[in-house]
Structure formats: C-alpha cells, structure tokens
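Asks: starting from these lines, generate the structure:
(chains A and B)
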2 protein chains.
Amino acid sequence: MNLERPYYAVIFTNTRTDVDKGYAEMAEQMELLAREQPGYLGFESARDGLGISVSYWKDQKSIADWKSQLDHQMAQQQGIKEWYSWYKVRVCLVEREYEFHKEP
Amino acid sequence: MNLERPYYAVIFTNTRTDVDKGYAEMAEQMELLAREQPGYLGFESARDGLGISVSYWKDQKSIADWKSQLDHQMAQQQGIKEWYSWYKVRVCLVEREYEFHKEP
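Replies: Reported below is the predicted structural model:
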C-alpha cells in the first residue's frame, strides 16, 4: 500500500465477548462493505486477546459515508455490542510514514 | 486511556522474519524505553501473522525524541532489520475518537 498523503487511518481497538454466534459473518460483511466504499484504501488486522484493526481512507467524507452505511447495517443485525465487551475508535490523519522491505 | 486531544498515534505494522534470537528482549526493551519517555501516553499491540502495534504520544516532539533514542539503541544492537521482513510506520494525528464499554 503506497498511498498519497494526506489520507486517514481509522484505528479500531477492541476486546471480544465470548459470544461467537454470527461474529465471523459480521466481520466478513464489514470488511466487504468497507472494500466497496468510495475512498477505501486498505485494511490491516491482528488479534491475540486484544484486537486491532486499521482501515485506511482517502478523506473524512469516505469515513463518514462508511460509518453511516455501517450504522444502518448494524441496526438490522443483533447489534455489534453482542460481540464486543469494549471497543475504541480513533479517526486519525496520517501525517508521515516510512517503510522497510528486507532485500530478498 | 482517556486522553486529551489532540494527541498522536504511531502505527507500526510489520511481518517478522524467522529469526527469534534476541527478539523478545528487544521488544521488551523498546516498550520500556517508550514508557520512560516524556509525552508517552500508551501502547497497544496484537499479532497473528501480521503484527500491529500502536503507541500514543502527547505531541510530535515526544515522538521525535523517542525515535532518536530508539535509533541510538538500535545502532548498538544487531539491527532491528534482523527481526522484520517488512514494516511500515505511520505517524498520525488523532482527530476524533469514541468508545464503548459493555455494562457489567
């Protein structure tokens, strides 16, 4: 992912409940929904106990549009709050970046 | 972690090599070094294949001071590049945030 700055990162940090029913489907749907949105640039995710997902976006408007789609979709579901005991969302402007690739 | 905005997030995304020698000690040292720095606000980390670590800082100066300490320390070590096949660092301004806690 080599992107033109400025762009935005949404950091979603979370801990899960022990409710698994529907979780995998919801997570997959959320990622698909993001990929279809205008302004979507990328997605990275990791979990070991704590989960951290970071999605990348062209601008604030793309994020607002995605969130409104997400809220709409969530309202039709059991509620995302079944699956998470805690989460925090941070919307961030990427100001600088650098990257390292090991020579093969 | 309830912080006064604005503050900064440093997103460190990475994949590891299969070199384990010294890695755990280095990772521990890096976290200790961060905690001792003025302007340090917090740290979150997860890995499953992809590793994502996010550190939080009061301002750009805190990050620059931490990086210069880190570079100095790394120069005395085997080199951080032994342990990572790829990494990317993004310095981000946190513009908005919201949080959810499940009722007990």
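
Asks: which helices and strands sit right next to whatever helix or strand A:Ala27 lives in?
Replies: Using DSSP states H and E, A:Ala27 falls within helix A:23-36. Applying 3 or more Cβ pairs under 8 Å, 6 or more residues apart in numbering or on different chains; DSSP states H and E, we find helix A:23-36 packed against strand A:40-48, helix A:60-75. C-beta here means a position set from N, CA and C on the backbone, and glycine is covered the same way.

Asks: for those, which has the smallest mean pLDDT value?
Replies: Note on those: helix A:60-75 shows the lowest mean pLDDT, a mean of 84.

Asks: gap between it and the chain center?
Replies: 11 Å (Cα atoms, centre = their mean, to the nearest Å).

Asks: now stretch A:84-100
Replies: In terms of Cα atoms, centre = their mean, the centre of stretch A:84-100 is set 9 Å apart from its chain centre.

Asks: same deal with stretch A:91-104?
Replies: Mean C-alpha position of stretch A:91-104 versus that of the full chain (Cα atoms, centre = their mean) differs by 18 Å.

Asks: interface residues of chain A facing chain B?
Replies: Residues of chain A found near chain B (Cβ under 8 Å from any Cβ of the partner chain) are A:1, A:9, A:11, A:13, A:17, A:44-52, A:54, A:60, A:81, A:84-102.

Asks: in helices only, show me those.
Replies: Counting by DSSP state H, the part of the residues of chain A next to chain B found in helices is A:Gln60.

Asks: what stretches of chain A score poorly on pLDDT?
Replies: Applying pLDDT under 70 to chain A flags the ranges A:1-4, A:75-79.
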